[in-house]
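**Student:** have a look at this fold, sequence not included:
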């Protein structure tokens, strides 16, 4: 993995955020709620989902991200795809950072665990551990080393920081007003 691969990784990280949030959005829409969708947040407009519905909406994003990691890993294993490695790493990286934020505000998995009466860190810990395992196995399969992880970590941190702090300035979809900013 080299610097030449990093523009593709930037795109993969951005798509990982979009697809993750789209997972929440799709579940909410399928339950009949009007949902807004941005690159880093999603929510119901108008009616408030019940606790059970909210839990399923919360699960939509992580389930998509776990599927992303699994599909990426399968492609690494079968085709030794550099691109697929970046897909796996992006899924792991996103959920690890989201779990870290749970110290301030419970992430999707932590909220799901709490709704199920489980210890707050159990569900995020299992999700991150599973994606970490996939990322490590993908690293070994591709014969990459710690430099690849460091490079991906640095680029991932920069892009994620831009997404999180730029979210208010990136257009998002609102079911009433259409595409809007802020």
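**Tutor:** Cool, got the structure. All values derive from a computational prediction rather than experimental measurement. Numbers count the residues shown, from 1 in each chain.
**Student:** where does the chain have low pLDDT?
**Tutor:** 182 (pLDDT under 70).
**Student:** and the helices in it?
**Tutor:** For the chain, helices defined by DSSP state H occupy the ranges 6-30, 51-79, 82-101, 108-115, 122-142, 146-166.
**Student:** out of those helices, which gets nearest to residue 36?
**Tutor:** Within the helices of the chain, the stretch nearest residue 36 is helix 6-30; the backing value is 8.2 Å (Cβ to Cβ). To be clear about C-beta, it is placed using only N, CA and C from the backbone, and glycine gets the same treatment.
**Student:** counting by contacts, list what the closest one packs against.
**Tutor:** strand 34-37, strand 42-45, helix 51-79, helix 82-101, helix 146-166 (3 or more Cβ pairs under 8 Å, 6 or more residues apart in numbering; DSSP states H and E).
**Student:** most tightly surrounded among the ones you listed?
**Tutor:** helix 82-101 (a mean of 23; mean count of other Cβ atoms under 10 Å).
**Student:** thinking again about what came up before, okay if I get the helices and strands packed on helix 6-30 as a markdown table plus distance to residue 119?
**Tutor:** Listed next are those as a markdown table, based on distance: least, Cβ to Cβ, whole Å:
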| stretch | distance to residue 119 |
| --- | --- |
| strand 34-37 | 29 |
| strand 42-45 | 26 |
| helix 51-79 | 16 |
| helix 82-101 | 13 |
| helix 146-166 | 26 |
